[in-house]
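Student: with the input below, show me the fold.
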Amino acid sequence: MSKAQPIDVRDMAIVQHAFRNALRALRAAGPRRASAITSSGHFTGRSRTLRLSAVLGVPAALGLLAGAGIALAPAAAAAPPTCAVLNPATHTTYTSLQTAVSPGARLLLSGTCTGTTTISANLTVTGTGRQPTLDGEGDGSVLTITAGKVTLTGLTVTGGAAEAGGGIDINYGGALTLVSTTVTGNTAYDFGGGIYNEGAVSLSGRASISGNTASASDGGGIYNEGAVSLSGQASITGNTAYEYGLGGGIYNDEGSVTVGGQASITGNTAGGGGGVGGDGGAVTLDGWASIARNTGQTFGGGGIYTETGTVTLGGEASISGNTASASNAGDGGGIINYGGAVILGGQASVSRNTASGGGGGGIFTYGNALSGTVTVDDQASITRNTAEFGGGIDNDGGTVTVNDEASITRNTAVGTAGSGGGIFNYGTVTLTGRATVSFNTTDGFGGGIDTFGPVTLTGRATVTFNTAGGGPGSGGGIDNVGGSLTGVVAGFGGNVFGNRPDNIN
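Tutor: Model (predicted):
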């Protein structure tokens, strides 16, 4: 039997003949079914676009074609659309971005433009058509911005591989704005899988930094020495830093990171600071911004890892669902703070984070009288976090202050050695205003607070309805191991009450 040939115009008579036979059969079945079909072979109403395969079913239709010796030619793999970069001002179209770059130009890019591009002046590039893409093909940073203000809108930046800034490398004096642009699938052998920034980066709209890798160091998504801001629904997600590196999403090297609107940093992984890691500088979250479901797999700090820096949460910003894990113990499920300052205000929350086998399900802070501070103001909350020591906060030598109507509530210290359902304290703790430590639990000692240092309650602050599982004398409210208690009055009418099995041990 001869080999079936691809279908062409001459075969259409056979196809039409098969269709007409099927049409006759349908009409013979009755006027109701036939009336749904027009003479052109279309179904009317909801099914008006169905043809032969809808009448016979796909297998039967293909069977008719095969029986007639007709084969559908396999579709060839689609090549990427050809690169076209239009400068509307000059009516000139280029076949690469580099050749189209000129100071102040506003370019329209379509297709896939391969290779690397260096930009040293103001430039705007807007994607048009289907999936406009800049692909570095593994030959360095896809874009290098040495100076000027560059705006990319509606593009994908991918395929970069470089020592620093796999996707985009921004030098001092350069500024980049990403509007609904995706930087994905890039690799840095050292710093900044997606972006290495010494200047300024702004993400807005639905811009995203996703699926990038810093294979030997810090900053899977972004390595920042300048300023980074996220707004709108911008996201940094699914990036990875080296297992002994910091900042799966962002590494902040004495720069500034501002996350507002509904922007998010989610699902990133690093040795420390799955979401954001850093040394110095400032990290600020406001609006409904979130850092969620990140992992610090070696040094802890599932959400944020900071050394001597400042972390500020306001509005309804949240740090939630992050995990600190390590082979021995992971500290700081939500935040780990070495000698810096953590400030929560507004209705910000640190919730549902886990320090696996370590301390500070919500926050772990390390410091002394002058550093390592945690301040919780307004109606901010630290809630439903889990750790072995300090379900809510583990304070190792620092200072914790809870003011106003802020709360440490419903946190858990787990395990037979679990201590400090709400707070485990080796430093100084002060509760003022209407602050509360309540409804926390531990399997061991100090349902509300387990303390080796001074604890002070003033105003209408309370420690209430906490539970310790270590048996009689385990300090349901406060377990005072070797600290001092100031302003603490146990029992109803006091400020430490309703705790089980006792208020103060």
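Student: in stretch 190-208, what counts as buried?
Tutor: Neighbour-count burial for stretch 190-208 flags 190-204, 207-208 (criterion: 16 or more other C-beta atoms under 10 Å). Just so you know, the C-beta spots here come from the backbone N, C-alpha and C atoms, and that holds for glycine as well.
Student: any idea how far apart the tips of that stretch sit?
Tutor: End-to-end distance for stretch 190-208, by C-alpha to C-alpha, to the nearest Å: 21 Å.
Student: what does stretch 379-397 give?
Tutor: Start-to-end, stretch 379-397 (C-alpha to C-alpha) is 25 Å.
Student: what about that stretch, average pLDDT?
Tutor: The average pLDDT within stretch 379-397 is 97.
Student: same question, stretch 129-147
Tutor: Mean predicted confidence for stretch 129-147 is 96.
Student: in that stretch, which residues are buried?
Tutor: Buried-residue list, stretch 129-147, by 16+ other C-beta under 10 Å: Pro132, Thr133, Leu134, Asp135, Gly136, Gly140, Ser141, Val142, Leu143, Thr144, Ile145, Ala147.
Student: and stretch 326-345, by the same measure?
Tutor: Buried-residue list, stretch 326-345, by 16+ other C-beta under 10 Å: 326, 329-345.
Student: stretch 480-497 too?
Tutor: Those would be Asn480, Gly483, Leu485, Val488, Ala490, Asn495, Val496, Phe497, for stretch 480-497 by 16+ other C-beta under 10 Å.
Student: any weak-confidence spans in this structure?
Tutor: For the chain, the stretches with pLDDT under 70 are 1-79, 327-329, 369-370.
Student: list the contacts for the residue most central in space within it?
Tutor: Residue closest to the mean C-alpha point of the chain, counted by C-alpha atoms, centre = their mean, is Thr266 at 1.8 Å. By C-beta atoms under 8 Å, 6 or more residues apart in numbering, Thr266 lies in contact with Ser235, Ile236, Thr237, Gly238, Gly275, Ser290, Ile291, Ala292, Arg293, Asn294.
Student: can you rerun that using 10 Å?
Tutor: 210, 235-238, 249, 274-275, 290-294, 320-322 (C-beta atoms under 10 Å, 6 or more residues apart in numbering).
Student: from the buried residues of stretch 129-147, pick the one nearest Phe389.
Tutor: When the buried residues of stretch 129-147 are compared for distance to Phe389 (C-beta to C-beta), Ser141 wins out at 43.6 Å.
Student: quick one: contacts for that closest one?
Tutor: For Ser141, the contacting residues are 116-118, 157, 160-170, 186, 188, 192, 195-196, by C-beta under 10 Å, 6+ apart.
Student: buried subset of these as a ChimeraX selection?
Tutor: This is the ChimeraX syntax for the buried subset of the contacts of Ser141, where burial follows 16+ other C-beta under 10 Å:
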select :116,117,157,160,161,162,163,164,165,166,167,168,169,170,186,188,192,195,196
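Student: quickly list what Ala162 is bridged to.
Tutor: On the basis of DSSP bridges, Ala162 is bridged to Ala188.
Student: correction: Val179
Tutor: Taking DSSP bridges as the rule, Val179 bridges to Thr153, Ser204.
Student: distance of it from Ile195?
Tutor: 15 Å (C-beta to C-beta, to the nearest Å).
Student: go on, Glu405?
Tutor: 39 Å.
Student: on that earlier part again, and the contacts of Thr266, which two are furthest apart?
Tutor: Ser210 and Ser320 (19.5 Å).
Student: that older thread, from the buried residues of stretch 190-208, which ones fall inside strands?
Tutor: Mapping the buried residues of stretch 190-208 onto strands (DSSP state E) picks out Asp190, Phe191, Ile195, Tyr196, Asn197, Ala200, Val201, Ser202, Leu203, Ser204, Ser208.
Student: let me see the contact set for the first one.
Tutor: With contacts taken as C-beta under 10 Å, 6+ apart, Asp190 has the following neighbours: 162-166, 196, 214-219, 223, 242, 245.
Student: now do the helices in this protein.
Tutor: 12-29, 31-34, 52-56, 58-67, 97-100 (DSSP state H).
Student: pull the most distant pair out of the buried residues of stretch 480-497.
Tutor: Using C-beta to C-beta, those reach their maximum pairwise distance at Gly483 and Phe497, which is 20.0 Å.
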